[in-house]
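Colleague: structure for this input, please:
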Amino acid sequence: MRCVGISEQLSAYLDGELDAAATRLVAAHLQECARCRIELARLREVVTLVTELPEEEPPADLVLRLRAGPQRVARRPAIRWGLALRPLPLAWGVGAVALVLVAWGAIAWFRPAGRNPVVATLRMPTAPSPSDRVGSPDREIPVVRIREAAPRIVSPAPVVASRLPAGGMDRASVGTKRTT
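Modeller: This next block holds a predicted model:
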């Protein structure tokens, strides 16, 4: 038998509670195993120390308290966890609402007044669609539409016109000096 099985039976061996076969087995193991002999010696020492303790007189009211039963024994009140934890979700909810309101107020307070983002849109002149051009020959196109669709000719500014050479400019002469 291994030490684990023997160490569990040492107390019963010491008290003489084992049958003859188990007693012989434990005794044979104790002759071979020093560790189990040391453990048995410690158990004997504990038993000796306990038997040498003086006997104490129990309190006089102990018998009365034992006869009274468990209903007379003072107990701590039991905590009902369901009731103890019930205010917690309410507190978390109130805290969350307060946090949202503070954040919203801070955003409203620190946002500059009158600086609402404005998206600028440019309207480009458009040519009339092909469906406007195609039609019956007797269909009359208003003059306003013709003027909107026609490209605008812009005359050069007078300062720029005075700087231009008299003979005009061609692409080859841009950015070069005239030598003649």
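
Colleague: quick one, helices of this protein?
Modeller: 3-15, 20-32, 34-51, 62-68, 81-85, 87-110, 130-133, 143-149, 158-163 (DSSP state H).

Colleague: dump these to CSV, plus mean neighbour count and mean pLDDT.
Modeller: (Each C-beta comes from the backbone N, C-alpha and C, glycine too.) Putting these into CSV (neighbours: other CB atoms under 10 Å; pLDDT from 0 to 100) gives the following:
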stretch, mean neighbour count, mean pLDDT
helix 3-15, 14, 85
helix 20-32, 13, 91
helix 34-51, 12, 90
helix 62-68, 10, 80
helix 81-85, 8, 61
helix 87-110, 9, 86
helix 130-133, 9, 58
helix 143-149, 10, 54
helix 158-163, 8, 57
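
Colleague: list the contacts of Arg37.
Modeller: Leu30 (CB atoms under 8 Å, 6 or more residues apart in numbering).

Colleague: how far away is Gly16 from Gln9?
Modeller: Distance, Gly16 to Gln9, using CB to CB, to the nearest Å: 12 Å.

Colleague: so what's Arg44 up against?
Modeller: Neighbour list for Arg44: Leu14 [criterion: CB under 8 Å, 6+ apart].

Colleague: one more: the one 3 residues further on?
Modeller: Listed by CB under 8 Å, 6+ apart, the contact partners of Val47 are Leu14.

Colleague: how does it look with 6 Å?
Modeller: Contact analysis of Val47 by CB atoms under 6 Å, 6 or more residues apart in numbering lists nothing.

Colleague: what about the closest residue to Leu18 other than its chain neighbours, distance to Val102?
Modeller: Setting aside the residues directly before and after it, Leu18 is nearest to Ala12 in space (CB to CB, 6 or more residues apart in numbering), at 5.2 Å. As judged by CB to CB, Ala12 and Val102 stand 71 Å apart.

Colleague: any idea how far Gly93 is from the residue nearest to Leu18?
Modeller: Taken as CB to CB, the span from Ala12 to Gly93 is 61 Å.
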